[in-house]
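A.B. asks: dropping a prediction and its sequence here:
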Amino acid sequence: MKISQRAQAIDPFFAMEFGKHAAALEAQGHHVIKLSLGEPDFGPPPAVLEAARTAVDGALPYTGALGTAALRAAIAGFYQREHGIAIAPNRIVVTAGASAALLLVTAALVDAGDEVIVGDPSYPCNRQFLSSFGAQVKLVATDADSRFQLSSDSVRANWTPQTKGLMIATPSNPTGTSVPPGELRAICDWAREHGAWRIVDEIYLNLGDRDGAGRPPQTVLAADDGAIVINSFSKYFGMTGWRLGWAVVPEVLVPTMERLAQNYYICASTLSQQAALACFTPESLAVCEERRVEFARRRALVLDGLAGIGLPVPVPPDGAFYVYFDVSGTGLSSWQFCERVLEETHVALTPGKDFGHCGADRYVRLSYAASADSLREAIRRLGGFMARLGGEAG
């Protein structure tokens with residue numbers, strides 16, 4: 001059977017590969033601490049589970065391809081309440097996870113040969129979607145000085161007549177860092193002035209640190225109403241396996257998104273959509289905020305722990321639930337480090353190779369979406385590993 005060139009060009013998702021290895025070790029009876037995947041350990045708020053139980057007792061027919069009117073209106077209300085941004089519900093496209101939102105957007109915008117600027121490191125699946133539709137993805141190297149994010153200077157320096165768009169994630173996976181609001185505005189202004197589209201992945205936006213007045217980070221839509229936003233119920237609302245996300249798109253793009261959704265997957269899960277309505281009650285939002293604060297506590301625990309065992313974090317994260325730490329001082333590549341840590345200490349991490357070329361051998365991603373007790377034990381095990389490495393070097 002001949003496999004398509006498109007499929008052959010896609011690299012494995014190494015976080016999932018390490019997850020498979022971790023599962024094999026568990027099957028052998030080992031206690032593996034999984035810090036390789038970004039999956040909150042809390043699950044959804046209780047009201048969401050109750051809403052799902054109620055929905056199961058009724059009919060669950062297809063919904064419209066863009067999602068139920070009730071859920072689209074609820075998402076629009078969330079933007080108004082949390083960010084002070086008025087968005088017409090008809091601009092919101094409910095999708096089968098954020099991945100499906102990106103699928104629709106890339107199918108709608110990308111033609112073969114289009115150049116798209118993406119930061120390096122970045123979430124691998126984002127660029128794989130772009131490449132699958134024929135985009136020439138230009139990975140632009142970032143570093144600690146730029147918070148591992150694109151800047152207006154780097155975008156301008158890498159712009160060519162073939163550039164048709166750019167993709168930014170803020171806060172970022174794998175680094176947990178955000179683009180400063182002024183910088184994000186400047187990047188979007190430049191792209192818009194040059195007739196290019198802007199996709200902004202805001203999956204972790206509401207897990208970002210609050211400002212001094214307690215306000216959440218602002219959506220890009222406050223600066224660029226024409227930007228295309230990708231978001232999800234997986235992270236802030238803890239609904240990973242429910243496979244539910246959304247996109248906010250300009251009105252002119254809505255009919256295209258609808259037509260594509262009808263053909264690609266008909267609609268998002270009806271059960272998930274009905275249950276997700278319960279995310280937006282005051283009680284559920286309070287639960288999500290308590291969990292966000294708990295993630296901040298876990299972050300502090302991990303940052304202190306890594307510093308204490310000699311694994312530096314060049315840029316402390318300000319959102320998401322990831323820490324990107326430097327293993328170059330160990331004498332091991334990130335891949336070697338992750339393999340040995342998994343085999344010898346049964347802690348699953350993700351090597352930088354998953355996220356691009358820049359710093360791929362130097363950095364490792366740790367997800368602190370696990371429990372505080374698991375994180376403490378993981379730091380203890382990593383500390384023992386680092387001590388043994390020191391002994392080997394001596």
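C.D. replies: Sure thing, it's come through.

A.B. asks: show me what counts as buried in the lowest-mean-pLDDT helix or strand in the chain.
C.D. replies: Scoring the helices and strands of the chain by mean pLDDT, DSSP states H and E places helix 14-27 at the bottom, with a mean of 84. Within helix 14-27, the residues that qualify as buried are 14-15, 18-19, 21-22, counting by 16 or more other CB atoms under 10 Å. C-betas here are computed from N, CA, C, even on glycine.

A.B. asks: go on, stretch 276-291?
C.D. replies: In stretch 276-291, counting by 16+ other CB under 10 Å, buried: 276-280, 284-285, 287-288, 291.

A.B. asks: between the residues you listed, which is nearest Leu130?
C.D. replies: Distance to Leu130 across those (CB to CB) is lowest for Ala276, with 27.3 Å.

A.B. asks: my guess is that closest one contacts Phe233. True?
C.D. replies: Yes: if you go by CB atoms under 8 Å, Ala276 and Phe233 touch, sitting 5.6 Å apart.

A.B. asks: so for the helix or strand that contains Ile187, mean pLDDT?
C.D. replies: Taking DSSP states H and E as the definition, Ile187 sits inside helix 181-193. Across helix 181-193, pLDDT averages out at 97.

A.B. asks: show residues contacting it.
C.D. replies: If you take CB atoms under 8 Å, 6 or more residues apart in numbering as the criterion, helix 181-193 is touched by 149-152, 155-156, 159, 165-166, 168, 170, 179, 197-198, 200, 217-218, 220, 223-224, 226-227.

A.B. asks: rewinding a little: by contact count, what packs against the least confident helix or strand of the chain?
C.D. replies: Applying 3 or more CB pairs under 8 Å, 6 or more residues apart in numbering; DSSP states H and E, one finds that helix 14-27 makes contact with helix 334-345, strand 347-348, strand 350-351.

A.B. asks: in the protein, which ranges drop under the pLDDT threshold?
C.D. replies: Applying pLDDT under 70 to the chain flags residues 393-394.

A.B. asks: may I see the buried residues of stretch 306-326?
C.D. replies: Residues of stretch 306-326 classed as buried by neighbour count (16+ other CB under 10 Å): 306, 311, 313-315, 317-326.

A.B. asks: identify the farthest-apart pair in those.
C.D. replies: The most widely separated members of the buried residues of stretch 306-326, counting by CB to CB, are Leu311 and Gly319 (20.7 Å).

A.B. asks: tell me how far the ends of stretch 170-187 are from each other?
C.D. replies: By CA to CA, to the nearest Å, the extent of stretch 170-187 from end to end equals 13 Å.

A.B. asks: and that stretch, how far out from the chain middle?
C.D. replies: 12 Å (CA atoms, centre = their mean, to the nearest Å).

A.B. asks: returning to what we had before: what distance separates the helix holding Ile187 from the middle of the whole chain?
C.D. replies: 21 Å.

A.B. asks: now for the very next helix or strand once past it, which elements pack on it?
C.D. replies: Of the helices and strands lying after helix 181-193 in sequence (DSSP H and E), the nearest is strand 197-201. Here strand 197-201 touches helix 98-109, strand 163-169, helix 181-193, strand 228-232, going by 3+ CB pairs under 8 Å, 6+ apart.

A.B. asks: make it 6 Å
C.D. replies: strand 163-169, strand 228-232 (3 or more CB pairs under 6 Å, 6 or more residues apart in numbering; DSSP states H and E).

A.B. asks: how about TSV for those strands, with mean neighbour count and distance to Gly77 added?
C.D. replies: Formatted as TSV, those follow (neighbours: other CB atoms under 10 Å; distance: least, CB to CB, whole Å):
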stretch	mean neighbour count	distance to Gly77
strand 163-169	24	25
strand 228-232	25	14
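
A.B. asks: make JSON lines out of the ones you listed and add distance to Glu82.
C.D. replies: Conversion of the helices and strands packed on strand 197-201 to JSON lines gives the following (distance: least, CB to CB, whole Å):
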{"stretch": "strand 163-169", "distance to Glu82": "19"}
{"stretch": "strand 228-232", "distance to Glu82": "12"}
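
A.B. asks: which stretch among those comes nearest Ala47?
C.D. replies: strand 228-232 (18.6 Å).

A.B. asks: adjacent strands (with direction) for that closest one?
C.D. replies: Next to strand 228-232 in the sheet, as set by DSSP bridges, lie strand 197-201 (parallel), strand 245-248 (antiparallel).

A.B. asks: tilt between the first one and helix 181-193?
C.D. replies: Here strand 197-201 points in a direction 150 degrees away from that of helix 181-193 (axes from the mean of the first three to the mean of the last three CA atoms, to 10 degrees).

A.B. asks: what's in contact with strand 197-201?
C.D. replies: Contact with strand 197-201 is made by 109, 165, 167-169, 188, 191, 220, 227-230, as judged by CB atoms under 6 Å, 6 or more residues apart in numbering.

A.B. asks: and what of the shortest one?
C.D. replies: The contact list for strand 245-248 (CB under 6 Å, 6+ apart) reads 75, 91-95, 97-98, 101, 229-232.

A.B. asks: roughly how far out does that strand sit from the chain middle?
C.D. replies: Strand 245-248 sits 13 Å away from the centroid of its parent chain (CA atoms, centre = their mean).

A.B. asks: all strands for this structure, in order.
C.D. replies: 33-34, 92-95, 115-120, 136-141, 163-169, 197-201, 228-232, 245-248, 322-326, 347-348, 350-351, 363-367 (DSSP state E).

A.B. asks: now distance to Leu271 too, for those strands, in a markdown table please.
C.D. replies: Shown next, in a markdown table, are the strands of the chain (distance: least, CB to CB, whole Å):
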| stretch | distance to Leu271 |
| --- | --- |
| strand 33-34 | 27 |
| strand 92-95 | 13 |
| strand 115-120 | 34 |
| strand 136-141 | 35 |
| strand 163-169 | 28 |
| strand 197-201 | 25 |
| strand 228-232 | 17 |
| strand 245-248 | 15 |
| strand 322-326 | 29 |
| strand 347-348 | 30 |
| strand 350-351 | 31 |
| strand 363-367 | 27 |
